[in-house]
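[1] Show me the folded form of this:
(3 chains)
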Amino acid sequence: MVGALTLRRPSALPGLGLSFGITLFWLSFIVLIPLSAVFAKSASGGWDAFVDAAFSARSIASYKVTFGAALLAAAINAVFGLLVAWVLVRYEFPFKRLVSALVDLPFALPTAVAGIALTALYADTGLIGRFLEPLGLPVAYKPAGIVVALTFIGLPFVVRTVEPVLAEVSREMEEAALTLGASRLQTFTRVILPTLFPALATGFTLAFARGAGEYGSVIFIAGNMPFRSEITPLLIITQLEEFDYAGAASIATVMLFVSFAMLLVLNLLQHWQQRRLGT
Amino acid sequence: MSGKTRLREPAGIKALLILAALAYITLMLLLPLGAVLVEALKKGFGVWLESVNEPDARSAIWLTIMVAAIAVPLNTVFGVAASWFISKYDFRGKPLLITLIELPFSVSPVVSGLVFVLLFGAQGWFGEWLIDRDIEIIFAVPGLVLATVFVTFPFVARQLIPLMTMQGRANEEAALTLGASGWQTFWHVTLPNIRFALLYGVLLCNARAMGEFGAVSVVSGHIRGETNTMPLHVEVLYNEYNFVAAFAVASLLVVLALITLALKSALEWRHRDELAARF
Amino acid sequence: MSIRVENIAKTFSAYPALDHVSLEIEDGEFVALLGPSGSGKTTLLRVIAGLEDPEEGRVLFGDRDVTHTAAASRGIGFVFQHYALFGHMTVAQNIAFGLNVMKRSERPSKADIRTRIGELLELVQLPGLEARFPSELSGGQRQRVALARALARKPKILLLDEPFGALDAKVRRELRGALRAIHNDLGLTSIFVTHDHEEAFTLADRVAVLNRGKIEQFASPHEVENKPATDFVRGFLD
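    Residues are numbered from 1 along each chain as shown, chains lettered A, B, ... in the order given. This next block holds a predicted model:
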């Protein structure tokens, strides 16, 4: 990595050695070495052991639960996040600043607190649960609860990625559409929405990535039953408690690959966005 | 009529959208907040006070503060060093470095904890070495600190890098030509330009450090009174069906979250020019 | 299509953007609205376009009172200063936009639309660029596409808001000539806003000089130049 970091031209500013040293050391010590331990451990039993652990029936079931719920939650957030972003950017109304500040609550609130709060709300004695239960829509201790928790967790992502892009959509473009005969709805679907698409996709991906790894807010409201409502992070912990380190590491490796894939997707989306808005 | 009306939706639609957005926010954010406070005070203020004053709860509070007090300054120093390095010098591989720094964001908290178990746990890379020297990391406080440092690693760097990149080198170079030393330049020129972004980053770093659950859950061992931070203590109480006490401790975390949101909002509102990117 | 503006008044917060302005433009004329920033020239154009609503007064196209008609239904073409091209659409899709959003019953067939796009690109001298994206075009090219787009629905009236403001001198001159030629060929009535009096005098049949929401003079370039009606006009041309 040092080879890749060759200076383009000498700089007069002091502190190069010190800042480089701190950066490299802390990065390696805290991030790179620990992460490599995961890969090393998952490989320690050989390829077959890795596959057995990472792709066992139970593991695959947990991937379905985790990624499935994360996808659904991200989709819900895409729709409602767009709504909230629209209302915050375009309209004035009382308490708007309060609402805007509140959107970041899932960032600021510890996940365990979110977990027990949501469980309290959606259990059949809870404020919302007591309406849903008789309707045959139980949420707590069911996979649906996972989706609710992940929707909470991912809520700010879409809102915060869409807001600045929406604010930048030029009035001229909307007025141009108007002078060309488009109705307000047509302007929204044909001009504004396509312009927002990269930002929406980015927000969706961020929400998905966050939801896939989420633990604290989910384990209270999910039933945590293997094969039914067991999320992958919980499975990792279960393996750890049974001292199956290699197994846990193998599953973690799968999760890390998904994380890196998401990072790649996000980078590509950034490029797409630059190109599209670079008019 | 002010003429901007041509670009607006009909008043009815606008009201509908605002109400829908507010309803969503209330459902997803306000109700969970309310649930914590309601459950915490269910048996009255006296019981609340007792739960919070209970010795194990107090050690949890103390531990949370201590872990944050170590992790946040460390990551702040790192963040400043890395941002200085990235923004004041030219070298190839900047995007790679930035991606590496942001890795902990895309890793599941449970995996973050796992990596340290794999390194320092009894069966870990350094396991034997540590046991021989009677040093405890996993299932002890150092483990908590390490896991917290990992997950909060990028927060400060993330805030500073885009801002300092945008600010460039000009001011620092001017200071140098006027005879200032490296440290003087940093202290009197750079720091004042980044102080609000720095504060913002520290604020977010702290919120996450105090609220982290998944990562510390893996490394903690859940030893009451010793290795339980507040979020972990909430879980312990909840699993013992001691709901009121769990929510009581949780309510403290809610207060912390609300303070974080308020400070965050204030910083964003008054200093938005000095806070480049948000994500 | 003749245009008549009667007694238009519009205020923004405290100050009067248009102070009881009246103007009569004949069918086929090319009129320039000239003035410094804040004079109200852009506001007047936008009122004529239907992008702003006046507090008092009327706008008539021919015999038709369009004061309360939506911009979409006035039958105008509008070219914006910064082109306002839709970045996510190709040149062809941009130009076809006004046709694609028409009601099904009125919409031309796909084949007709394609032909029309081709014709318009020929008209603005950009043949063959259908599949490009705005981000791939130069400033001058983008403005030509914006012009083609505005003309797609065969408007009788063309309105331009400082259309060449963002372009360099050479491109400006080329586009000026092209614009006047198109105006003549298609028999449009055109109004364009500018703060550049050389441009106004070169292009327009008549020039309206505005100052602080009022029209100081409305006459041919020759007359404005040689017989300025007020001190302001005299001063502005120096």
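[2] When you work out contacts or count neighbours from here on, use the C-alpha atoms and nothing else.
    Will do.
[3] element containing B:V244?
    helix B:243-270 (DSSP states H and E).
[4] Give me the packing partners of that helix, helices and strands only.
    helix A:96-102, helix A:105-108, helix A:111-122, helix B:31-40, helix B:44-53, helix B:191-211, helix B:230-239 (3 or more C-alpha pairs under 8 Å, 6 or more residues apart in numbering or on different chains; DSSP states H and E).
[5] quick one: the helices in the stretch 51-200 of chain A?
    For the stretch 51-200 of chain A, applying DSSP state H, counting those that start in this stretch gives helices covering A:57-90, A:96-102, A:105-108, A:111-122, A:129-132, A:143-168, A:171-179, A:184-187, A:193-213.
[6] Check the stretch 51-200 of chain B too.
    Going by DSSP H, counting those that start in this stretch, the stretch 51-200 of chain B shows helices at B:55-88, B:94-106, B:109-120, B:127-132, B:141-152, B:155-167, B:170-177, B:182-184, B:191-211.
[7] Which positions in the last one come out as buried?
    This means helix B:191-211. Neighbour-count burial for helix B:191-211, counted by 16 or more other C-alpha atoms under 10 Å in any protein chain shown, picks out B:193-194, B:196-211.
[8] The least confident helix or strand in chain A by mean pLDDT and chain B, any residue contact?
    Using mean pLDDT, DSSP states H and E, the weakest-scoring helix or strand in chain A turns out to be helix A:129-132, at a mean of 82. No - Helix A:129-132 does not reach chain B (C-alpha under 8 Å from any C-alpha of the partner chain); its nearest approach is 12.2 Å.
[9] so what's A:S217 closest to, chain neighbours aside?
    Nearest non-adjacent residue to A:S217, counting by C-alpha to C-alpha, 6 or more residues apart in numbering or on different chains: A:G115, 3.7 Å away.
[10] Likewise for B:L237?
    In this structure, B:L237 finds its nearest non-sequential neighbour in B:A246, 5.1 Å apart by C-alpha to C-alpha, 6+ apart.
[11] about what we covered before: hey, which of the helices of the stretch 51-200 of chain B is tucked in deepest?
    Mean neighbour count (mean count of other C-alpha atoms under 10 Å in any protein chain shown) peaks for helix B:109-120 among the helices of the stretch 51-200 of chain B, with a mean of 27.
[12] Counting by contacts, list what the least confident helix or strand of chain A packs against.
    Contact partners of helix A:129-132 among helices and strands, from 3+ C-alpha pairs under 8 Å, 6+ apart: helix A:111-122.
[13] who's in contact with the helix or strand hosting C:L44?
    Element membership for C:L44 (DSSP H and E) is helix C:41-49. Helix C:41-49 is contacted by residues A:179, C:5, C:17-18, C:33-35, C:52-54, C:59, C:71, C:74, C:76, C:78, C:159, C:161, C:191-193, C:210, C:213 when judged by C-alpha atoms under 8 Å, 6 or more residues apart in numbering or on different chains.
[14] What is the neighbour count of C:R104?
    Using other C-alpha atoms under 10 Å in any protein chain shown, C:R104 has 10 other residues around it.
[15] I'd assumed C:R4 was in contact with C:F61.
    Yes - the pair C:F61 / C:R4 is scored as a contact, 6.5 Å apart, by C-alpha atoms under 8 Å.
[16] and the closest residue to chain C within the stretch 51-200 of chain A, how many neighbours?
    Taking C-alpha to the nearest C-alpha as the measure, the stretch 51-200 of chain A has A:G181 as its residue closest to chain C, at 4.0 Å. Applying other C-alpha under 10 Å, we find 27 residues neighbouring A:G181.
[17] and what of the one 5 residues further on?
    Neighbour count for A:Q186, taken as other C-alpha under 10 Å: 15.
[18] what separates the closest residue to it other than its chain neighbours from B:L19, distance-wise?
    Nearest residue to A:Q186, sequence neighbours excluded (C-alpha to C-alpha, 6+ apart): C:V101, at 7.2 Å. Note on C:V101: its distance to B:L19, by C-alpha to C-alpha, to the nearest Å, is 29 Å.
[19] Over to C:H197?
    51 Å.
[20] same thing with C:A92?
    From C:A92 across to B:L19, the span is 39 Å (C-alpha to C-alpha).
[21] So if I had to pick from the two, which one is more boxed in?
    Shown here are C:A92 and B:L19; by other C-alpha under 10 Å, C:A92 has more neighbours (24 against 13).
[22] In which helix or strand does the more buried one reside?
    Assigned by DSSP H and E, C:A92 belongs to helix C:91-100.
[23] go on, C:E199?
    Per DSSP H and E, C:E199 falls inside helix C:197-203.
[24] just checking, what packs against that helix?
    On a contact count with 3+ C-alpha pairs under 8 Å, 6+ apart, helix C:197-203 meets strand C:30-34, helix C:221-226.
[25] Ok, which of those comes nearest chain A?
    Using C-alpha to the nearest C-alpha, these put strand C:30-34 closest to chain A, at 19.8 Å.
[26] residues making contact with that closest one?
    Counting by C-alpha under 8 Å, 6+ apart, residues outside strand C:30-34 touching it are C:25, C:41, C:183, C:189-197, C:200, C:203-210.
[27] Please, where are all the strands along chain C?
    C:3-12, C:15-25, C:30-34, C:56-61, C:64-65, C:76-79, C:157-161, C:189-194, C:206-211, C:214-219 (DSSP state E).
[28] Quick one: these as JSON lines, columns for mean pLDDT too.
    Converted to JSON lines, the strands of chain C look like this (pLDDT from 0 to 100):
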{"stretch": "strand C:3-12", "mean pLDDT": "91"}
{"stretch": "strand C:15-25", "mean pLDDT": "90"}
{"stretch": "strand C:30-34", "mean pLDDT": "95"}
{"stretch": "strand C:56-61", "mean pLDDT": "94"}
{"stretch": "strand C:64-65", "mean pLDDT": "92"}
{"stretch": "strand C:76-79", "mean pLDDT": "93"}
{"stretch": "strand C:157-161", "mean pLDDT": "95"}
{"stretch": "strand C:189-194", "mean pLDDT": "95"}
{"stretch": "strand C:206-211", "mean pLDDT": "94"}
{"stretch": "strand C:214-219", "mean pLDDT": "93"}
